[in-house]
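1. turn this into a model:
(2 chains)
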Amino acid sequence: MQRCALCGFEFDPAAASCAHACPLATNCNLTRCPSCGYEFPQEPRAVGWLRRLFGRRRPPAPPDGALVALPDLVEGASAELVCLHGTNPRRHNALAVYGVAPGCRLVLQQKRPAYVIRVGETELALDEAIAREFIVRQV
Amino acid sequence: MNPGPEVSAAGESPAPAGAPAPSEIVLVGNPNVGKSVLFSKLTGKFVIISNYPGTTVEIARGSSVIGGSACVVLDTPGVNELAPRTEDARVTCDVLREHPGATIVQVADAKNLRRALLLTLEIAALGRPMVLVLNMMDELDRCGGAVDVRALGAALGIPVVPTIATSGTGVHLLKAAIARASVPAPAIRVDEAAGKPGPGEPHPDPAASLEIERAYRGTSLRLERVNRILADTYRLVRPHRPNLAQKLGWWATHPLRGSLMVAAVLYFSFWFVGLLGAGTLVDLFETAGFGWYVKPWSIRAADALLPFPHTHAVEEAPYALQVPFTPTSGLTLLEATRSPISPRYTLDAAGPPLSFLQSALRFAHDFLVGEYGLLTMALAYGLAIVLPIVTTFFLLFGVLEDSGYLPRLAVMVNRLFRAMGLNGKAVLPMILGLGCDTMATMTTRILETRKERVVTTLLLALAVPCSAQLGVLLAMMASISYGAAVFWVALMLAVAFAIGWLAARLYGGESSDFILELPPMRRPQASNVALKTLARLQWYLKEVIPLFVLGTAVLFLLDQMALLGKIARLGEPLVTGWLGLPRETASAFLIGFLRRDYGAVYLLDAATGAGATLSQHQVLVAMVTITLFMPCIATLFMIARELGKKTAAVITVFVFSFAFLTGGLVHHAASWMGF
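-> Predicted structure coming up:
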């Protein structure tokens, strides 16, 4: 399936129509969007391989209101902390002292090389193991 | 800079008429809020002013005039809660307990009110007069936030004073407010015993400590109350657009940009400390300063005061003032050569033998200006070699601290350190170890578990060369091949990882959680950095000069009693047979223990001096052994103080054995492979 670079319409390139009388028809590698008519070149195969090999795999956005673990969010997402999984009160207290407790709003700034979240004006760096304990709802 | 619309302190309940001004005040607050800056503004006294938690571990004491009478001011380490679970919190609790009549002045970061108010509610439970200082009001203004100081003071029932400590704004208001400090309103005190697990919260682990569980409940309740107070007093005046400092902060922890920044910072550090400090400045002080002037003057003065028939040798001493670009090239600004007299001398062969008095004078002369003389060796090495390197290191470290970069460096290296059984927070002691291992060992206090403190201390003792030694090692590296230099660096890193990993596995216990606050990036203040560097240099000089004198005196006595040769013969099988080094280097190892860099300098002379006696192969073996060798005696004392004598003894035996074992293996492997 091909996605139009202009309008985002998804279509089967084999089924896309073209003007048969066009003088460029023989050597044309352009695809025309059946929805808006925009023509754009097809992605070379090598580029497609590279994109699949090295491209970032963005996790699909969670459905609205679903509870997920913090690592399942994308970078830049805002969320409300619903609860802290795990039963390590020392860790929970250390987090609470920074204002990270159920009910707080946080922004996931980055995931690599360590998780960095922002709660209010406090930026905190966390290990992935600790980030996994955050059960959040995206807002 | 105007701190904001609410300039005056507000909210306090009126103090009883005629109430005496406090005689003692204790400054408490979260880390990175400007407590130490405020302390210096109140007292006029210098103290380590730091942006990274854990470096103000000693209590600073000063005095100020408040309400017309003298008042003692005590500074405490930054804490996020009063529970005595960390070293810093224990010290703070001890200070509060030992001074029950002191007024408490809590310093807060105005941008980070939630955290500050959590601590305020804990302090309020003590029921003592207090004042809340909202510092860094300029940064709050830049963030687009605003605090209703009057409403906050009314809600808490104590004076609240906005300040900008770095410029001294609001300090006079603070002094007036301290004189009117009041006990916080009962309404804000939280009952920690109340509260059951809320909805969505996991039920507590029955095996967990009841005290920690109660602490968590208390913190959650306080957080609820703080959120209510904030809703009434804090607002965002204009949208928050990220400024350059914030963007720099984000880039510093970005996987790619952050790595580039780490590489840039490391290269700049290497250039500033290793090339400019250890190269240009040491050359200037040692060759030109001491070599051309101080040593010859001292020798002439000693000859005049302690006469006996002898003639000093004259040695040519060329000097070039060079600004370095790379380890092997630079811009030469000036070149000159002189021929000053040297400590080496010959007795008058044709004259009569020395009388008893002349021999005594000769002994005193040699003690002061001989080859192992106090002035010609001890002070020269202490002031000409160690001091410039350590000064550049502390300057650089001060800039990195104040800029807020160090915690971000911890984020970048956290995964790497995990491989060594540590976490990213250990980067601070490791970097400090490149300056001074003794100071770095003390800083391991910021690590939360004993396991991390022991592993970090072991790695500091084993694989982290201090700055003076590093300067000498870099100079020695210039006399070996590029491949050998790369091998040395790679071997040290491999040893650090392997031993760290092994030690972490063998030592029972757990590592601490990696939860680290990233303070905002700030432009370092030159005056702040200079003050900190001066304070650290003062501490360092008090440690270094006596040990240099002691080390030189021991070496001098060993030489006078012809014991050096005897000790060298004792260690001959080890040094010549196993390490393949000349017999004379045995004294380098002996003195190296008294002062680590000292031994390395001795080897440097043998490797690169006028009468170089070591081959490239031997230089590499010496470098490996010296780097892994035990740090100086001061570090050993510090390890015993921090971890106990038994642990210190185990670390010492291991490090000595491992250093000689590795040095010998390198020698034999390199010989076998034909290098």
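2. residues of the helix or strand harbouring B:Val655 that come out buried?
-> Here B:Val655 sits within helix B:645-673, counting by DSSP states H and E. Neighbour-count burial for helix B:645-673 flags B:647-648, B:651-652, B:654-655, B:658-660, B:662-664, B:666-667, B:670 (criterion: 16 or more other Cβ atoms under 10 Å in any protein chain shown). (C-beta placed from N, C-alpha, C; glycine too.)
3. between those residues, which is nearest B:Ser64?
-> B:Ala648 (40.7 Å; Cβ to Cβ).
4. which ones are touching that closest one?
-> B:636, B:639-640 (Cβ atoms under 8 Å, 6 or more residues apart in numbering or on different chains).
5. and the pLDDT for it?
-> With respect to pLDDT, B:Ala648 has a value of 90.
6. export the contacts of B:Ala648 to a markdown table and append columns for pLDDT, neighbour count and distance to B:Leu620.
-> Listed next are the contacts of B:Ala648 as a markdown table, based on pLDDT from 0 to 100; neighbours: other Cβ atoms under 10 Å in any protein chain shown; distance: Cβ to Cβ, whole Å:
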| residue | pLDDT | neighbour count | distance to B:Leu620 |
| --- | --- | --- | --- |
| B:Leu636 | 80 | 21 | 26 |
| B:Ile639 | 86 | 28 | 28 |
| B:Ala640 | 85 | 16 | 32 |
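7. need the residues you listed in TSV with distance to A:Gln138 and secondary structure, can you?
-> Below are the contacts of B:Ala648 laid out as TSV (distance: Cβ to Cβ, whole Å; DSSP: H, G, I helix; E, B strand; the rest coil):
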residue	distance to A:Gln138	secondary structure
B:Leu636	54	helix
B:Ile639	49	helix
B:Ala640	53	helix
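8. what's the closest of the buried residues of helix B:645-673 to chain A?
-> B:Thr647 (24.6 Å; Cβ to the nearest Cβ).
9. wait, isn't the closest one in contact with B:Val454?
-> Yes: counting by Cβ atoms under 8 Å, B:Thr647 touches B:Val454, with 6.4 Å between them.
10. pass me the low-pLDDT residue ranges in the stretch 451-600 of chain B, would you?
-> Counting by pLDDT under 70, the stretch 451-600 of chain B shows low-confidence ranges at B:468, B:471, B:508-510, B:543-545, B:547-548, B:551, B:564-565, B:568, B:591, B:593-600.
11. stretch B:404-422: how far from the chain's middle?
-> 17 Å (Cα atoms, centre = their mean, to the nearest Å).
12. so what pLDDT did the nearest residue to B:Leu628 once chain neighbours are set aside get?
-> The shortest distance from B:Leu628 to any non-neighbouring residue, by Cβ to Cβ, 6 or more residues apart in numbering or on different chains, is to B:Ala659 (3.8 Å). Here the pLDDT value assigned to B:Ala659 is 91.
13. just A:Val47 next, same as before
-> With respect to pLDDT, A:Val47 has a value of 77.
14. and for it, the neighbour number?
-> 10 (other Cβ atoms under 10 Å in any protein chain shown).
15. is stretch B:214-227 anywhere near chain A?
-> Yes: against chain A, stretch B:214-227 shows contacts by Cβ under 8 Å from any Cβ of the partner chain at B:215-216, B:219-220, B:223, B:227.
16. now intersect the residues you listed with the helices, please.
-> B:215-216, B:219-220, B:223, B:227 (DSSP state H).
17. picking up where we left off before, can you lay out the contacts of B:Ala648 as TSV showing distance to B:Val323?
-> Output for these, formatted as TSV (distance: Cβ to Cβ, whole Å):
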residue	distance to B:Val323
B:Leu636	38
B:Ile639	39
B:Ala640	43
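18. which among the residues of stretch B:214-227 next to chain A count as buried?
-> Buried by 16+ other Cβ under 10 Å: B:215-216, B:219-220, B:223, out of the residues of stretch B:214-227 next to chain A.
19. how much space separates the residue nearest to B:Ile639 when sequence neighbours are not counted from B:Val79?
-> In this structure, B:Ile639 finds its nearest non-sequential neighbour in B:Ala648, 4.4 Å apart by Cβ to Cβ, 6+ apart. Note on B:Ala648: its distance to B:Val79, by Cβ to Cβ, to the nearest Å, is 29 Å.
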